[in-house]
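J.: This is a predicted model, with the sequence first.
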Amino acid sequence: MRPIIEFCASNMHHGTDKVMKALEQNPDFDVMEYGCLGNCGQCYMEPYALVNGEIIAAESADALHERILNRIKEIEAMYELLGD
């Protein structure tokens, strides 16, 4: 299962553009950028992205990158346990 990671263009002022570019380097990830993800309050307050539709947020872009990778590992482990 390829994780889908979605970024809001309006959130790039938090440094999420660097996170997005780093994740795009992994051919196992589907990384997308949208003009708006509809989470305007979240977008204004902190760096965030969606991983398979789930909001992942952090206090910094570096912490967001780490949380995204950790969440993907959790999802992959869950799928392994389920045998999918």
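T.: Thanks, I have it. Numbering: from 1, shown residues only.
J.: so how far is Ser60 from the most centrally placed residue in the chain?
T.: Residue closest to the average C-alpha location in the chain (Cα atoms, centre = their mean): Ala49, at 3.9 Å. Remark: distance between Ala49 and Ser60 (Cβ to Cβ, to the nearest Å) = 13 Å. To be clear about C-beta, it is placed using only N, CA and C from the backbone, and glycine gets the same treatment.
J.: likewise Ile72?
T.: Ile72 is 19 Å from Ser60, by Cβ to Cβ.
J.: Show me what counts as buried in the lowest-mean-pLDDT helix or strand in the chain.
T.: One helix or strand of the chain scores below all others by mean pLDDT, DSSP states H and E: helix 40-45, with a mean of 92. Neighbour-count burial for helix 40-45 flags Cys43 (criterion: 16 or more other Cβ atoms under 10 Å).
J.: after it, next one along is what?
T.: strand 48-51 (DSSP states H and E).
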